[in-house]
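>>> Sequence plus the predicted model coming up.
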Amino acid sequence: MGLLEGKKALIFGVANKDSIGWGVAKAFHREGATLGFSYAYESLERRVTPLAESVGSDFVEMCDVSKDEDVDTLFEKAQKRFGTLDIVIHSIGFAPKEDLGGRYSEMSRDGFLLAVNISAYSLVALAKRARPLMPNGGSITAMTYIASERVMPRYNAMAAAKALLENAVRYLAADLGPDGIRVNAISAGPIKTLAASGIGGFRKLLRASEQVSPLRALVTQEDVGNACVFLSSDWARYITGEIMHVDAGYNILGFTATEEELLGD
Ligand code: NAD
Ligand code: 0WE
């Protein structure tokens with residue numbers, strides 16, 4: 001029997017087959033969950049619909065998470081279709097391109113606030129509407145990145161947003177814990193997705209991550225999907241407010257160079 005048999009999951013943030021959200025969706029489907037999908041803007045519908053169909057889902061609805069009306073409408077539709085929910089996945093992030101690079105001190109107020117609005121406040125917006133749909137408790141999981149904890153080049157506005165997102169995970173976990181709702185995040189290693197494709201130097205970052213991570217590996221969408229199955233399942237019943245690293249061990253390193261680079265002559 002699948003780990004998520006009988007559970008109903010709503011997944012935000014599938015843009016295409018490379019999306020981390022899609023890795024989660026495939027793993028959830030394998031484990032027997034019933035799925036619903038929400039996408040950001042009109043032109044994504046023709047990409048997401050066939051993917052949803054391939055995992056037996058015909059709930060595919062648009063929702064720009066920066067608009068309260070969109071989020072309200074989305075959860076009304078979800079309630080009509082599913083009645084209750086067990087799982088919500090937040091796999092959403094956005095910052096203006098000019099605020100993912102350049103000098104941190106030159107970052108615009110608007111860029112900073114937009115990144116926080118779409119990438120961090122949106123988790124609160126989803127949790128607020130998910131709570132009444134989770135009378136039997138539930139699990140909410142967001143995706144984050146280590147640049148929230150430690151300084152990484154170029155992640156600038158998103159780093160601020162992810163630090164807030166992780167903080168919101170802890171505060172939501174405390175707020176929703178008495179309702180039986182768990183809130184966690186997965187801090188994934190770098191993965192080549194649509195959101196990563198426009199980033200200059202991303203290939204170098206991937207190569208370096210593979211070379212220095214303890215497991216000498218790059219994380220895949222499938223790895224994140226499987227970790228997300230665990231976190232969303234009853235096996236993780238007493239895990240909440242947690243930031244779980246799925247990054248081949250990269251986060252434990254104190255110095256991210258190969259031994260050769262650091263100590264070789
Ligand atoms: P992706 O581009 O496939 O997914 C990002 C999603 O955010 C897209 O589906 C996009 O449509 C959605 N989105 C953006 N603005 C939105 C809005 N206003 N309303 C609704 N949805 C909106 O890229 P991904 O890499 O799969 O990113 C998913 C999550 O994983 C993000 O939170 C990202 O920060 C996180 N993450 C990514 C990596 C990586 O290296 N790719 C690593 C760690 C964490
Ligand atoms: O969260 C992310 C990326 C999210 C993202 C990507 C884009 C590209 C297109 C948010 N906003 C935008 N805006 C755009 O206009 N990741 C964890 C992937 C990522 O992005 C980086 C990274 C890594 C890793 C940016 C700089 C440095 C490292």
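Sure thing, it's come through. Ligands and ions are numbered 1, 2, ... in the order given.
>>> SS state for the residue most central in space within the chain?
What sits nearest the mean C-alpha location of the chain, by C-alpha atoms, centre = their mean, is Met143, with 2.4 Å. At Met143 the chain is in strand, as set by DSSP: H, G, I helix; E, B strand; the rest coil.
>>> For it, give me its contacts.
13, 20, 90-93, 185-186, 188, 224 (C-beta atoms under 8 Å, 6 or more residues apart in numbering). C-beta here means a position set from N, CA and C on the backbone, and glycine is covered the same way.
>>> Show me what counts as buried in stretch 135-147.
Burial within stretch 135-147, assessed by neighbour count using 16 or more other C-beta atoms under 10 Å, is assigned to 138-147.
>>> meant to ask about stretch 49-63
51-52, 55, 57, 59-61, 63.
>>> got the contact list for that stretch?
12, 14, 16-17, 22, 25-26, 28-29, 34-42, 44-45, 48, 70-71, 73-74, 77-78, 81-82.
>>> So which of those belong to helices?
The helices, defined by DSSP state H, take in 22, 25-26, 28-29, 45, 48, 70-71, 73-74, 77-78, 81-82 from the contacts of stretch 49-63.
>>> List only buried entries from these.
Using 16+ other C-beta under 10 Å, the buried members of the ones in helices among the contacts of stretch 49-63 are 22, 25-26, 28-29, 48, 70-71, 74, 78, 82.
>>> So which of those residues is the closest to Ala195?
Trp22 (12.5 Å; C-beta to C-beta).
>>> residue contacts, that closest one?
Per C-beta under 8 Å, 6+ apart, neighbours of Trp22: 14, 16, 51, 221.
>>> okay if I get these as a markdown table plus distance to Leu263?
Putting the contacts of Trp22 into a markdown table (distance: C-beta to C-beta, whole Å) gives the following:
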| residue | distance to Leu263 |
| --- | --- |
| Val14 | 43 |
| Asn16 | 42 |
| Leu51 | 47 |
| Gln221 | 35 |
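>>> if we look at ligand 1, which of those are close to it?
Val14 (C-beta under 6 Å from any ligand atom).
>>> Selection in ChimeraX covering whichever of the contacts of Trp22 are buried, please.
Remark: buried members of the contacts of Trp22, expressed as a ChimeraX selection using 16+ other C-beta under 10 Å:
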select :14,51,221
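>>> want to throw the contacts of Trp22 into JSON lines with pLDDT and distance to Ala168?
Compiled in JSON lines, the contacts of Trp22 are given as follows (pLDDT from 0 to 100; distance: C-beta to C-beta, whole Å):
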{"residue": "Val14", "pLDDT": "98", "distance to Ala168": "22"}
{"residue": "Asn16", "pLDDT": "97", "distance to Ala168": "27"}
{"residue": "Leu51", "pLDDT": "98", "distance to Ala168": "28"}
{"residue": "Gln221", "pLDDT": "98", "distance to Ala168": "24"}
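>>> Can you tell me which of the contacts of Trp22 is closest to ligand 2?
Proximity to ligand 2 was ranked across the contacts of Trp22 by C-beta to the nearest ligand atom; first place goes to Gln221, at 12.8 Å.
>>> so the closest one touches Ile191, yeah?
Yes - the pair Gln221 and Ile191 passes the contact test of C-beta atoms under 8 Å, sitting 6.3 Å apart.
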